[in-house]
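Undergrad: build me a structure from this.
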Amino acid sequence: MSKILVIEDDSFLQSLEASKLTKEKFEVITASTGDDGMKKINEEGVALILLDLMLPNFDGFDILKKVREQETTKAIPVIVFSNLSEESAMQKAEQLGATKFMVKSNFTLEELVTEIKAILK
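TA: Okay, here's the model as predicted:
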């Protein structure tokens, strides 16, 4: 069972994502702030990070940069799942090493799960 870290400050959406992923037989850990997310990234066995960009403390771009800089985490796939839909945000995430950029309003949770499964194959 793959462990997925969901870093999302919207508690309702975080709950929906975690519930859907748990039903799909993933182990889910969650974080609501940038600080908490960074602590949990280093937990053993995180297979994929689902990352919002707009977070308290520091943003998802900072987290993505740190993930890619650390030897222990640089190979972990990161799906940026955000409401930011500007081309500049997508390009910045891609330059920082995001595996995939998904705009929340354009995808269902079912489609998100499909992407996660494809990346973890």
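Undergrad: which element follows the lowest-mean-pLDDT helix or strand in the chain toward the C-terminus?
TA: Lowest on mean pLDDT, DSSP states H and E among the helices and strands of the chain sits helix 34-41, with a mean of 93. Reading on from helix 34-41 to the C-terminus, the next helix or strand found by DSSP states H and E is strand 46-51.
Undergrad: now do that following strand: which elements does it pack against?
TA: Contacts defined by 3 or more CB pairs under 8 Å, 6 or more residues apart in numbering; DSSP states H and E place strand 46-51 against strand 3-7, helix 34-41, helix 60-69, strand 78-82, helix 109-120. For the C-beta atoms, the positions are set from N, CA and C on the backbone; glycine is no exception.
Undergrad: returning to that earlier point: buried set for the least confident helix or strand of the chain?
TA: Neighbour-count burial for helix 34-41 flags 34, 36, 37, 38, 40, 41 (criterion: 16 or more other CB atoms under 10 Å).
Undergrad: what residues are up against residue 98?
TA: Residues counted as contacts of residue 98 (CB atoms under 8 Å, 6 or more residues apart in numbering) are 51, 64, 78, 79, 80.
Undergrad: pull the most distant pair out of those residues.
TA: The two members of the contacts of residue 98 with the most space between them (CB to CB) are 64 and 79, at 10.7 Å.
Undergrad: between those two, what contacts are shared?
TA: What both residue 64 and residue 79 touch, as defined by CB under 8 Å, 6+ apart, is the set 51, 98.
Undergrad: much appreciated, bye for now.
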